Structure formats: C-alpha cells, structure tokens
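**Student:** how would this look folded up:
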Amino acid sequence: MLNISRVRFLGAGTALAAFGPALLTPFIAAAAQASEGDVKILNVALALERAGIKAYQDSAKTGLLSPSVLAVAKGFMSDHIAHRDALIGAIKAAGQTPTSETTKVAYPTLASESDILKFAQGVEKGAVTTYLSVIASFTDRSLAKVAASILGVEATHVSTLAAALKEAAPYRGFVS
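**Tutor:** Numbering: from 1, shown residues only. As a prediction, the model looks like this:
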C-alpha cells in the first residue's frame, strides 16, 4: 500500500483522471516524498508547460493555420495540458503549492503558417533542452523517469514540426 495521505492523493485528482491511476500512482507516490529541490524542478517544468500551452493557444488564434495543422497543434497543446496537470498533481502530492508562473517566450512575427511552425518548433526545442538538463538533477529517480518520458513527447513534437517544415531530422543519434 502506498504511503500517501488521502488529501494529497485527492489533490492529485486532475492528473489521475487524465492519465489513470496505473500510470500516475508511482509518479504521485514519488512526488509525495519529493525533496524541496525536486519540487522546484517540477515547478520549473510546470511554468514551461504553461508556456507551451499559451504558445499553441496564441498561434491558433491567428487564423493562419490550415485545418490539418491546427488539428496537430491542438493535439500538441493537449499533450502540454496533460503534462501541466500531471505536474500540478505531483506538486500537490508533495504538499506544496504549484507555481502560477508561465515561462516567458519571445514571440517572432507570426505572419504565416510557416512562421508559426518554426515558432512552435523553437518552443518545443526549448522544452527538450530543459527536460534533458534537469533529469540528472532529480534526487528521486522516479521523478527523473517521468521527466524523461515527457522529454520523449517533446522530442516527438520537434520531429513532427521538422517534417511539416520539410526539414531534415533535427537530431542525429543524440539529443543536445
């Protein structure tokens, strides 16, 4: 039986509803025992996920995306929402307050679908770099595994955007 208080478990309810108890219970259990440093990293990731959500919302509002690209953008935004909710659940499970911050992202001029795709790819590359840089910093290896899982999703977004832009694969053998 997991040693998680009922309050902390219920506080993580949104994330559990989104992903299901089988997938998130180990994450929430690890977060319940998270060190202060690990919670700080989770809050940085949370602010980053909010930036991704905002970037896709703002891009969708331009009216420049074709229906098929808009559908993919909404799918990527859904991934960021799921990550955000999981991170909020984990931070609450640790008995801490999730940050309300959103990482600041510099917006270029968004005058075409191509501009938006390049912008989104830059945001996603930033997420990949950030997750990659924090994995080794987690005291709890279970939290590092979750960050690595999110990293994989963000890298998939980068590659998908590269394909949409008809670019060569952005990574060849290693992610940097």
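**Student:** going forward, measure contacts between C-alpha atoms and count neighbours the same way
**Tutor:** Fine.
**Student:** who touches residue 79 in this structure?
**Tutor:** Counting by Cα atoms under 8 Å, 6 or more residues apart in numbering, residue 79 touches residue 153.
**Student:** what do you get for residue 113?
**Tutor:** 64-66 are the contacts of residue 113 under Cα under 8 Å, 6+ apart.
**Student:** Relative to residue 73, which of those is nearest.
**Tutor:** Nearest to residue 73 out of the contacts of residue 113 is residue 65 (Cα to Cα; 8.9 Å).
**Student:** and that closest one, helix, strand or coil?
**Tutor:** Applying DSSP: H, G, I helix; E, B strand; the rest coil to residue 65 yields a three-state assignment of coil.
**Student:** Quick check on it: phi, psi?
**Tutor:** Taking degrees, to the nearest 10, you get phi -90, psi 130 for the backbone angles of residue 65.
**Student:** Local confidence estimate at the closest residue in space to it that isn't next to it in sequence?
**Tutor:** Of all residues not flanking residue 65 in the chain, residue 113 sits nearest, at 5.4 Å (Cα to Cα, 6 or more residues apart in numbering). If you check residue 113, the pLDDT there is 94.
**Student:** Next, residue 113: phi, psi?
**Tutor:** Torsion angles at residue 113 (phi, psi; degrees, to the nearest 10) stand at phi -60, psi -40.
**Student:** re the thing from before, columns distance to residue 94 on top of the contacts of residue 113, output as JSON lines?
**Tutor:** As requested, the contacts of residue 113 are exported to JSON lines (distance: Cα to Cα, whole Å):
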{"residue": "64", "distance to residue 94": "41"}
{"residue": "65", "distance to residue 94": "40"}
{"residue": "66", "distance to residue 94": "42"}
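**Student:** so what secondary structure elements neighbour the helix or strand hosting residue 147?
**Tutor:** Using DSSP states H and E, the element containing residue 147 is helix 141-164. Other helices and strands packing on helix 141-164, by 3 or more Cα pairs under 8 Å, 6 or more residues apart in numbering; DSSP states H and E, are helix 21-32, helix 67-93, helix 113-134.
**Student:** So, low pLDDT: which residues of this structure?
**Tutor:** Along the chain, the model assigns pLDDT under 70 to residues 1-30, 168-176.
**Student:** repeat that with 50
**Tutor:** The model of the chain has pLDDT under 50 over residues 1-21.
**Student:** ok, back up a step: report the buried members of the contacts of residue 113.
**Tutor:** Those of the contacts of residue 113 that meet the buried threshold are 64-65, by 16 or more other Cα atoms under 10 Å.
**Student:** which one among the contacts of residue 113 gets closest to residue 137?
**Tutor:** residue 65 (37.8 Å).
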